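[1] got a predicted structure plus its sequence, pasted below:
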There are 2 protein chains.
Amino acid sequence: MVGRSHSTGPETGSQIISKQQQQQIATGGTTRIKNLNRFTNFVKTGMEGYILSTAKFTCSPVEQPQIILDARIGGVEGVMWSNPSTYYTCNVTKPKKETKLKGLKSFIAYSLTCSTTGIQVSRRYKQFDWLHLQLTNKYLIIPIPPLPEKQVSGRYEEDLIEHRRSILQLWVNKICRHPVLSQSEVWKHFMSCTDETKWKKGKRLAERDEYVGGNFFSSVNAPNVVLDVANVGTAVERFARLSRSLDESCRKIYDQVVETQKRMAGPYKANWQKMAAAFDSLGQSLDIGGNANNSSVQNAIKTSAHVLHKIGEQHEEYGHKHLEQLLDFLFVAKGTFAAIPDVVNIHKSAFAKIRENERYQNEGKLSAEDAENIRQKVDVCSYSMLAEINHQQSERDLDFATMFGSFFSQQAAFYHNIGNQLTHLASLYKPK
Amino acid sequence: MVGRSHSTGPETGSQIISKQQQQQIATGGTTRIKNLNRFTNFVKTGMEGYILSTAKFTCSPVEQPQIILDARIGGVEGVMWSNPSTYYTCNVTKPKKETKLKGLKSFIAYSLTCSTTGIQVSRRYKQFDWLHLQLTNKYLIIPIPPLPEKQVSGRYEEDLIEHRRSILQLWVNKICRHPVLSQSEVWKHFMSCTDETKWKKGKRLAERDEYVGGNFFSSVNAPNVVLDVANVGTAVERFARLSRSLDESCRKIYDQVVETQKRMAGPYKANWQKMAAAFDSLGQSLDIGGNANNSSVQNAIKTSAHVLHKIGEQHEEYGHKHLEQLLDFLFVAKGTFAAIPDVVNIHKSAFAKIRENERYQNEGKLSAEDAENIRQKVDVCSYSMLAEINHQQSERDLDFATMFGSFFSQQAAFYHNIGNQLTHLASLYKPK
């Protein structure tokens, strides 16, 4: 059985800063780090450069996410990322062991196939990890779902590998369904590049992307409609509270499913099998009766012992297969919720500039033009936040519907299957 | 909940000798007591009086059980109690509280209704207990099923009363199905006497019955075919071993069902309800989202919490209702098995006379005529034992088929019902 420890607590959002990232900051790129000093973070993420228009760009952004206002919905709820012209899916399949350095190093490579292009690439966990970092750095306002946790020991165990593949598939689904992430250059490169040289070149390109962090907002096309500050504040605050609460609730369900899984493989299975043993003992007792041909009742009792034992095993299997699937779902869902506070903090750091603006203007330290410029920049940030809030809301409903719908279906099938086996047993005792 | 302690260990067979019984012995009646000294027991049960033809009777027996040889079956397996011309059933219903001595004493009276006569009588536990003693004393060769145990504290609790009624019904069923017991005068009197004066008269008559204990065999009409001593010995020995083993196996199932019952009302129920609480918490989290009209997913989650909670309760209910019923069945079944060793000992004490006979004849202490008389008497005892063995075998198959058939049916219904509720839940998450 796969220990659950590797997926109990996704720690997204608090990335540890790497050498590469430090270089990225030094060379003008940005990175996102958790920092108690919000101001420092504000500078480091590139939010300051963006808001104060000090960032310099050498080229136009390749990606230009569009935000629209859905008039039918209206208000902050109607702020949406414009949907891409086509959606696609990407299958994560056939994890297989590969080696390099003449067999000295081995790793698991997963196969990714895009539904529209049909291109198939082979990617290892380390590459997913790199991609995750790029996405987190670039799309400050988008909570990036967590990758399965890296497990060092026993990482070639078959069900651990399958379990990781399943989480990676859910992760990829989330990216593909996102109107911004699904159009991301770095993701497209990851999903379609089959040539080693081109791959490395693309990597360097992504790492030198100018539109990462705060500068991402410079690539966003937001409506030229002034936002109501109070409405935005309320909507973002509610989103933050909701996300914290959902994170906690999902964790409760997660813990309860882990508990149920343990019970299924432990006492529940044992209870059925102890009953099986008791029937088995009764069947053996009847052998003393010395009937050459076992009576139908005697045969029914022996069959009962067998079936009860099997039902016990099915409890364990159910726990491993189906509850595991729900856990994977929940892992991704709550990991995404857990990434939201960082996203909200990014917005808050920008949003705080609105008040600062007013103060500076009152003190005569800021020209009306500069103030308007800053307000427009913060509005783009708010538009992005609102668009993301609304995307997360529809994702959340879809996620819950998918995971609980499939969970209850599987659970229903499990109980009906037991019911059918018991109905069969009951029929064996009916007078012929 | 009804504590199971009152029916975990039926202690049939080892009756404590009462003053009334001692008088019975003194006045020529016999009684059956467990005694380490088999010889003393042999005398006291009236077996000696019967085998040595020293018992004196003042009248012919009213009951004359007939033993037949079923030629289609042949051998010791073909020895059968002749079936009565008609079978009947008797319903034990409506336990109700009654008082006597102007309300100073209260007791529970059960209503008994015979299917053929339609006569309804009211009987209390004390009277069942008296009847049980009469049957045990009279029919030494027949294992009398156990009555529910007498419980002093809380004996008016509703489910305890219903539980006792249920065991009394099973007990009465056993009597009604038995070719000898169902024709018993004392039982017929018990089941049909509605007049208080006649009831007391009939009681005295039963207590003075001359054909009790060993003398019962004087009333039996057995075939006039000499039995093969070796065959009888093997059959009886096998029956004794089988009964001991079945007693033990049924006890195992019984204990396991008690264990399951506890789990159902404890950790199983709790597990469902903890999951319900987790869903409830998720539903409440979603309220923060502030949708005026709850989304369909949100409603589905709230309904899930409710249904999961209910399924938890159903686990406890199932344990109380249906597992309790199986326990009652098992109580009667294993209580009957537990009564068998005493029955076998009665036969053994008579059977031992065969060898004694040979020795005495060889020593010239016994005339050929007397020896033949003793052999005939022992044969009647053996015929009765074999008839009873065969009756117990068919009863056993019927009991197992009935109790396990109904157990698995109910269990199947329970699991299907859960399956249906879960299927309904799954449907709530389907996209509209």
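    Right, received. Where do you want to start?
[2] only C-alpha atoms from now on, for both contacts and neighbour counts.
    OK.
[3] any idea how many residues pack against A:Thr402?
    18 (other CA atoms under 10 Å in any protein chain shown).
[4] residues touching it, list them.
    A:Thr402 sits next to B:Tyr429, B:Lys430 when contact means CA atoms under 8 Å, 6 or more residues apart in numbering or on different chains.
[5] let's see that with 10 Å instead.
    By CA atoms under 10 Å, 6 or more residues apart in numbering or on different chains, the contact set of A:Thr402 is A:Leu326, A:Phe329, A:Arg396, B:Val297, B:Ala426, B:Tyr429, B:Lys430, B:Pro431.
[6] pretty sure the second one sits against A:Phe404.
    Yes: the pair A:Phe329 and A:Phe404 passes the contact test of CA atoms under 10 Å, sitting 9.4 Å apart.
[7] flag the least confident of the contacts of A:Thr402.
    Lowest pLDDT among the contacts of A:Thr402: B:Pro431, with 82.
[8] spatially nearest residue to that residue (excluding sequence neighbours)?
    Counting by CA to CA, 6 or more residues apart in numbering or on different chains, B:Pro431 lies nearest to A:Ala401, which is 7.8 Å off, once chain neighbours are set aside.
[9] and the angle for the helix or strand hosting the one you found with helix B:368-428?
    A:Ala401 belongs to helix A:368-428 when assigned by DSSP states H and E. Relative orientation of helix A:368-428 versus helix B:368-428 (axes from the mean of the first three to the mean of the last three CA atoms, to 10 degrees): 160 degrees.
[10] run the chain-centre distance for helix A:368-428.
    11 Å (CA atoms, centre = their mean, to the nearest Å).
[11] what helices or strands is whichever strand or helix holds A:Ile175 leaning on?
    Using DSSP H and E, A:Ile175 sits in helix A:158-177. Using 3 or more CA pairs under 10 Å, 6 or more residues apart in numbering or on different chains; DSSP states H and E, the elements in contact with helix A:158-177 are strand A:90-100, strand A:105-114, helix A:125-138, helix A:185-192, helix A:324-362, helix A:368-428.
[12] out of those, which gets the lowest mean score?
    Lowest mean pLDDT of those: strand A:90-100, a mean of 86.
[13] which residues does that one contact?
    By CA under 10 Å, 6+ apart, strand A:90-100 touches A:105-124, A:156, A:158, A:161-162, A:164-173, A:175-176, A:191.
[14] thought A:Arg72 was touching A:Gly78?
    Yes: between A:Arg72 and A:Gly78 there is a contact under CA under 10 Å: 7.5 Å.
[15] the two - which one has more neighbours?
    Higher neighbour count among A:Arg72 and A:Gly78: A:Gly78, with 16 against 7, using other CA under 10 Å.
[16] what count of nearby residues applies to the closest residue to the more buried one other than its chain neighbours?
    Leaving aside its chain neighbours, A:Gly78 sits nearest to A:Asp70 (4.6 Å; criterion: CA to CA, 6+ apart). By the measure other CA under 10 Å, the count of residues near A:Asp70 is 15.
[17] in the stretch 51-200 of chain A, what residue is nearest chain B?
    A:Glu77 (10.8 Å; CA to the nearest CA).
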